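Enquirer: Following is a predicted model, sequence given first.
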Amino acid sequence: MKLLILSSALAATTAFAPSITKSSGTALNTEADNAAPVDGDVAEPAIPAVAPINGWVPDETLPLYGLPGAVAPTGYFDPLGFSRTGISLDDVKRSREAEVMHGRVAMLASVGYLAGEAVSGPFNTVGPANDQLQQMPLPAFVLLTVGIAAAELRRAQIGWVEPDFGSWYTTLFKLRDNYYPGDVGFDPLGLKPSDAKDFADMQTRELQNGRLAMIGVAGMCA
């Protein structure tokens, strides 16, 4: 009985005894942590998570990840939310790719509409531009179709990841990480600026003209 009481008393008193915490660091570690930086040491600059593409570094805190194209007075205009917060970078790049390419086609089409009705072409097509495509000879139409298909296949090879049908949901419709939307490397006149700001300005001008052309061609077709 006495032994039981003595054991209980010892257990109770140890609950109020100060605990001893072992230091995880040694004297050598402490000196190393507190040591002043050696003169001449230069901190290495932080490496961005994504390498710049034509001077553009995707920034998820900015609208459209910082891609150019917003001008006054509307500024960033996205009423349908194609690039709202939460949309992935790949989806944003794919939407911009579609916008740039459709804008380029619309600019060519707008010129073709006006020129096709003003000047008789090599195939002697006449009448409204909407009726001229069906007047082309079959061999010429086949060549046109093959040319469009070849251009599209080449664009896919440059900008798109090869689909892996073993995991198609991660590779299908995915753009390459180092691909800038619309930059397929076709610049025969050497107009592409090397400066990042100049490139962004030229990209904005191209987008604005392409957007206007898409609206204009839609009206011509209607």
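Expert: Nice, thanks for sending it over.

Enquirer: From here on, just use CA atoms for contacts and neighbour counts.
Expert: OK.

Enquirer: Helices of this protein, start to end?
Expert: 2-14, 27-34, 89-118, 138-159, 168-171, 196-221 (DSSP state H).

Enquirer: Out of those helices, flag the one nearest residue 82.
Expert: helix 89-118 (7.7 Å; Cα to Cα).

Enquirer: how much does the closest one deviate in direction from helix 138-159?
Expert: 150 degrees (axes from the mean of the first three to the mean of the last three Cα atoms, to 10 degrees).

Enquirer: Tell me the buried residues in helix 89-118?
Expert: Across helix 89-118, burial judged by 16 or more other Cα atoms under 10 Å covers 89, 92-94, 96-97, 99-104, 106-107, 109-110, 113, 116-117.

Enquirer: name the helices or strands packed onto that helix?
Expert: Taking 3 or more Cα pairs under 8 Å, 6 or more residues apart in numbering; DSSP states H and E as contact, the helices and strands that helix 89-118 lies on are helix 196-221.

Enquirer: Report the buried residues of the helix it packs on.
Expert: 199-200, 202-208, 210-211, 213-214, 216-217.

Enquirer: Centre-most residue in the chain?
Expert: residue 93 (3.4 Å; Cα atoms, centre = their mean).

Enquirer: Low-confidence regions, the chain specifically.
Expert: Counting by pLDDT under 70, the chain shows low-confidence ranges at 1-50.

Enquirer: show me the contacts for the closest residue in space to residue 132 that isn't next to it in sequence.
Expert: Using Cα to Cα, 6 or more residues apart in numbering and skipping residues adjacent in sequence, the residue nearest residue 132 is residue 125, 5.6 Å away. By Cα atoms under 8 Å, 6 or more residues apart in numbering, residue 125 lies in contact with 132, 135-136.
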